[in-house]
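> Build the 3D model from these lines:
(one chain, ligands or ions: 2)
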Amino acid sequence: MNRIIFTVLLIFVATITYAQELRSPNNQLVMSFSLGGNGIPTYQLSYKGKTVIKPSSLGLELKNDSKSLLDDFTISSTQTSSHESFWEPVWGEVKKIRNHYNELAITLNQKETNRQLIIRFRLFDDGLGFRYEFPLQSKLAYFIIKEERTQFAMTGDHTAFWIAGDYDTQEYDYTTSRLSEIRKLSKSAVTPNASQTPFSPTGVQTALMMKTDDGLYINLHEAALINYSCMHLNLDDTNMILQSWLTPDATGDKGNIQAPTQSPWRTIMVSDDARTILASAMTYNLNEPCKIEDTSWIKPMKYMGVWWEMITGKSSWSYTNDLPSVQLGITDYTTVKPNGTHGATTANVKRYIDFAAEHGFDGLLVEGWNIGWEDWFGNEKDYVFDFLTPYPDFNLPEVRDYARQKGVKMVMHHETSGSTRNYERHLDKAFQFMKDNYYDAVKTGYVGPILPKGYYHYDQWTVNHYQYVLEKAAEYKIMINAHEAVRPTGIARTYPNLIGNESARGTEFQAFGGSKPNHVTILPFTRLIGGPMDYTPGVFEMDISKLNPNNDSHCNSTLANQLALYVTMYSPLQMAADLPENYSRFLDAFQFIKDVAVDWDDSKYLEAEPGQYITVARKAKGKKEWYIGNVNGETPRTSTVSFDFLERDKTYIATIYADAPTAHYKSNPQAYTIRKVVVTNKSKLSQRSAAGGGFAISIVEADKTQVKGLKKL
Ligand code: NOJ
Ligand code: CA
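Ligands and ions are numbered 1, 2, ... in the order given. Next comes the predicted model:
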């Protein structure tokens with residue numbers, strides 16, 4: 001890893017009472033820290049002279065402790081430094097990332113208790129990160145957090161792109177509203193009958209995206225969530241102050257802390273250009289460098305799956321409708337009656353392998369391959385899955401050998417049914433079983449309430465479980481794609497074997513009633529701030545009843561929009577979600593999915609407005625190919641794309657997959673056009689996208705003979 005580090009250290013040891021100022025490297029952001037009345041730590045932030053965060057207090061309320069870490073502080077020392085380094089991610093949107101910030105660390109002393117607390121601020125050109133550090137000390141060895149009291153005081157009633165607070169799911173459509181409207185809208189913003197565990201009518205999840213009336217884009221999230229509970233935000237809607245609200249564990253505690261340690265970073269990105277938020281690497285930069293020495297086995301991949309047919313209800317994960325159970329010691333499924341709809345049969349899986357191999361896919365996910373599926377849904381049982389035993393109609397060795405011979409990697413599936421203890425008990429055997437059978441990647445899942453009972457998907461205990469699985473997987477050289485796990489916070493920098501996460505409302509909801517057509521114009525501003533999403537795009541048949549007559553869902557997206565997602569929803573792991581038979585009907589459009597890269601040297605955000613549109617161009621890693629994606633919300637819109645990112649004096653062929661003039665996500669989603677044109681770095685394109693539509697472009701360098709007969713753009 002190529003590293004240039006430049007550090008200047010200045011240490012003041014004194015009792016300082018005046019405000020401490022920290023400026024971003026480009027001087028546009030200014031953070032100032034001071035102790036308010038009664039010694040309360042207070043910070044504020046401005047951008048280009050405009051206030052972004054009004055004076056906001058910092059601290060933690062402790063449980064069973066005579067004194068919390070909230071006030072009575074004096075500054076015992078401050079330390080400033082500057083840092084600039086460059087690092088190369090194992091996979092990513094760009095080849096090289098610059099980590100450039102100015103830092104201020106304030107050591108506080110609590111007078112009454114003589115306890116020490118450090119608040120460390122890092123100010124980048126695109127935002128602020130800060131965290132609490134608890135140094136080793138006899139007066140604060142071990143403590144329990146009752147609540148973290150970090151404030152983010154807004155300057156007004158901003159427009160927010162939010163999902164309601166919930167300790168167990170993030171799989172919601174986003175609501176766009178004023179902050180002041182959250183209270184009124186939060187009930188209807190959650191899925192009816194969802195197992196929501198709400199805590200406040202004004203509670204929201206991070207990353208929270210906002211826009212001020214004078215055009216500032218503000219994003220609140222966290223980085224490096226390790227051994228701590230996941231942060232929600234609760235809004236005081238009288239004063240427009242957002243305050244941290246940690247996820248409690250089964251006992252109601254919000255953190256068991258043992259010094260020396262630190263909190264995750266609290267992050268505030270800010271810009272007057274929405275594209276800067278999408279291009280920011282701040283969340284990764286606030287995480288530790290890669291801890292895996294040999295990363296050669298971590299490989300981005302495009303995969304298909306025996307999956308969409310189960311999600312749509314065309315086939316089933318389970319083999320039988322009877323209830324044999326691993327827990328009851330019944331593992332011999334040859335004696336039970338099959339239901340006749342099982343998806344993961346040897347023959348069906350081989351059909352997918354053939355298709356995946358023919359079209360050059362790297363991998364194939366197979367869900368419902370292992371026993372236990374008929375027994376867990378809605379049940380709170382601890383021992384359901386063993387992650388080792390295939391159903392009798394899935395011949396694992398036969399499938400394994402067939403896939404190897406065809407050059408397709410099998411992708412493992414471990415649905416844990418939320419039973420984290422059961423998974424941990426089986427983990428070593430399950431991972432060894434994967435290695436023995438040449439599986440290098442696993443999709444994990446945590447559907448249902450967490451077991452042990454009372455724990456939540458986002459509390460400290462369960463956050464530690466996901467981390468344990470990730471680190472254990474690294475020992476086995478296994479890549480993880482975790483569904484229903486905690487939202488990512490840039491940990492993939494440290495453990496790049498975390499190649500995917502769901503942790504938001506993915507494509508599956510298009511088969512569960514549909515998602516808002518502008519959903520994919522918001523996700524990159526919210527969920528993707530912390531890392532890539534296994535969004536599972538590529539649905540070509542939007543009328544789900546064509547797959548399952550009993551499912552009247554509609555995928556609220558045009559086909560061209562589905563193609564664009566491979567570029568706009570950055571991920572080193574991309575699925576082609578639909579069935580082979582649906583791709584076979586549209587092989588000309590399918591070509592884009594086959595061609596598009598999954599790893600990049602460079603990314604240029606060309607246009608962006610949360611809730612409305614995103615256009616991005618990316619250069620394929622190690623190749624002279626570019627791909628452009630545009631996704632559009634409800635209102636039809638025309639993009640202007642300049643190709644000035646291309647190399648000068650070179651000629652390229654651009655294949656443009658676009659919405660046909662009559663396309664519409666609901667009434668005419670499969671209307672697309674494909675055209676090939678010659679482009680150079682001087683070309684400009686004016687391209688219309690339909691409601692819920694978009695366009696995708698592949699650009700390859702070409703010589704004179706190849707461009708013959710093609711029109712110039
Ligand atoms: C929910 C996941 O998001 C989905 O992808 C998976 O197929 C099911 N759980 C079953 O594990
Ligand atoms: Ca899910």
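
> so where is the protein shaky, pLDDT-wise?
1-17, 190-198, 324-330, 376-383 (pLDDT under 70).

> can you pull out the helices in it?
182-185, 274-279, 282-285, 308-311, 346-358, 396-406, 420-436, 460-475, 519-522, 559-568, 580-584, 587-595, 704-707 (DSSP state H).

> quick one, the fifth one and helix 396-406 angle?
If you take axes from the mean of the first three to the mean of the last three C-alpha atoms, to 10 degrees, helix 346-358 sits at 20 degrees to helix 396-406.

> Packing partners of helix 346-358?
On a contact count with 3 or more C-beta pairs under 8 Å, 6 or more residues apart in numbering; DSSP states H and E, helix 346-358 meets strand 301-306, strand 363-366, helix 396-406, helix 580-584. Any C-beta I mention is one placed from the backbone N, CA and C, and that applies to glycine too.

> Could you check the third one and say which residues are buried?
Think helix 396-406. Leu396, Val399, Tyr402, Ala403 (16 or more other C-beta atoms under 10 Å).

> Using CSV, list the CA coordinates for that helix.
Only the C-alpha atoms of helix 396-406 are listed here, as CSV (Å, rounded to 0.1, in the frame of the first residue of the first chain):
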residue,chain,number,x,y,z
LEU,A,396,-24.3,-30.9,-3.4
PRO,A,397,-21.3,-32.8,-4.7
GLU,A,398,-22.9,-33.2,-8.1
VAL,A,399,-23.8,-29.5,-8.3
ARG,A,400,-20.4,-28.5,-7.0
ASP,A,401,-18.5,-30.6,-9.6
TYR,A,402,-20.8,-29.4,-12.4
ALA,A,403,-20.3,-25.8,-11.4
ARG,A,404,-16.5,-26.2,-11.2
GLN,A,405,-16.4,-27.8,-14.6
LYS,A,406,-18.4,-24.9,-16.1
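
> report the angle between the axes of that helix and helix 420-436?
Per the same axes, to 10 degrees, the angle that helix 396-406 makes with helix 420-436 is 50 degrees.

> The first one now?
Calculated by the same axes, to 10 degrees, strand 301-306 forms an angle of 110 degrees with helix 420-436.

> helices and strands around strand 301-306, which ones?
helix 346-358, strand 363-366, strand 409-415, strand 573-576.

> I'd like the buried residues of helix 396-406 as a markdown table, with distance to His426 appended.
Output for the buried residues of helix 396-406, formatted as a markdown table (distance: C-beta to C-beta, whole Å):
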| residue | distance to His426 |
| --- | --- |
| Leu396 | 16 |
| Val399 | 21 |
| Tyr402 | 26 |
| Ala403 | 23 |
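
> Which single one of those residues is nearest to Ser56?
Among the buried residues of helix 396-406, Ala403 lies closest to Ser56 (C-beta to C-beta), at 54.2 Å.

> Spell out which residues of the stretch 151-300 of the chain are next to ligand 1.
Taking C-beta under 6 Å from any ligand atom as the test, the list of the stretch 151-300 of the chain residues beside ligand 1 is empty.

> Mind doing that once more with 8 Å?
Glu171 (C-beta under 8 Å from any ligand atom).

> repeat for the chain
Within the chain, the positions near ligand 1 by C-beta under 8 Å from any ligand atom are 171, 307, 310-311, 317, 367, 413, 415, 443, 445, 447, 483-484, 502, 506, 508, 536.

> Would you mind listing which of those are buried?
For the residues of the chain next to ligand 1, a burial check counting by 16+ other C-beta under 10 Å picks out 171, 307, 310-311, 317, 367, 413, 415, 443, 445, 483-484, 502, 506, 508, 536.

> quick one on the thing from earlier: quickly compare the helices of the chain and say which is most buried.
helix 559-568 (a mean of 29; mean count of other C-beta atoms under 10 Å).

> Which strands or helices does that helix pack on?
Against helix 559-568 (3+ C-beta pairs under 8 Å, 6+ apart) you get helix 519-522, helix 587-595, strand 613-620, strand 625-632, strand 652-659, strand 694-701.

> quick check: angle from that helix to strand 625-632?
120 degrees.

> by how many degrees do helix 559-568 and helix 587-595 diverge?
10 degrees.

> what about helix 559-568, distance to the chain center?
Averaging C-alpha positions (C-alpha atoms, centre = their mean, to the nearest Å) puts helix 559-568 17 Å from its chain's average.

> hmm, back to that, how about CSV for the helices and strands packed on strand 301-306, with distance to Thr526 added?
CSV is the format used below for the helices and strands packed on strand 301-306 (distance: least, C-beta to C-beta, whole Å):
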stretch, distance to Thr526
helix 346-358, 31
strand 363-366, 25
strand 409-415, 26
strand 573-576, 19
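
> how far away is Ala160 from ligand 1?
26 Å (C-beta to the nearest ligand atom, to the nearest Å).

> if we can go back for a sec, dump the helices and strands packed on helix 346-358 into JSON lines; add distance to Thr267 as well.
Putting the helices and strands packed on helix 346-358 into JSON lines (distance: least, C-beta to C-beta, whole Å) gives the following:
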{"stretch": "strand 301-306", "distance to Thr267": "29"}
{"stretch": "strand 363-366", "distance to Thr267": "32"}
{"stretch": "helix 396-406", "distance to Thr267": "41"}
{"stretch": "helix 580-584", "distance to Thr267": "39"}
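
> Which one of these lies nearest to Ile653?
Nearest of these (C-beta to C-beta): strand 301-306, 21.9 Å.

> what's next to the closest one, contact-wise?
Under the criterion C-beta atoms under 8 Å, 6 or more residues apart in numbering, residues 343-344, 348-349, 352, 355-356, 361-368, 409, 411, 441, 499, 536, 572-577, 580, 593, 596, 598 lie in contact with strand 301-306.

> Tell me what angle that strand forms with strand 409-415.
Using the same axes, to 10 degrees, strand 301-306 lies at 60 degrees relative to strand 409-415.

> if I pick the closest residue to Thr261 other than its chain neighbours, what's in contact with it?
Using C-beta to C-beta, 6 or more residues apart in numbering and skipping residues adjacent in sequence, the residue nearest Thr261 is Phe134, 5.6 Å away. Under the criterion of C-beta under 8 Å, 6+ apart, the neighbours of Phe134 are Leu117, Ile118, Leu140, Ile257, Ala259, Pro260, Thr261, Gln262.

> Same check on Lys666?
His554, Asn556, Ala691, Gly692.

> Just put these in CSV and tack on neighbour count and distance to Val336.
Shown next, in CSV, are those (neighbours: other C-beta atoms under 10 Å; distance: C-beta to C-beta, whole Å):
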residue, neighbour count, distance to Val336
His554, 17, 36
Asn556, 23, 39
Ala691, 21, 48
Gly692, 31, 44
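
> of those, closest to Asp214?
For those, the nearest to Asp214 is Ala691 (28.7 Å; C-beta to C-beta).

> wait, that closest one sits on Thr635?
Yes: the criterion here is C-beta atoms under 8 Å, and Ala691 meets it with Thr635 at 6.7 Å.

> thinking again about what came up before, which of the contacts of Phe134 fall within strands?
Per DSSP state E, strands hold the following members of the contacts of Phe134: Leu117, Ile118, Ile257, Thr261, Gln262.

> Give the closest residue to the last one in space, chain neighbours not counted.
So that's Gln262. Nearest to Gln262 is Glu133, by C-beta to C-beta, 6+ apart, at 4.3 Å.

> need the contact list for that neighbour.
Ala105, Leu117, Ile118, Ile119, Arg120, Pro260, Thr261, Gln262, Ser263.

> what is it paired to in the beta sheet?
Ile118, Gln262 (DSSP bridges).
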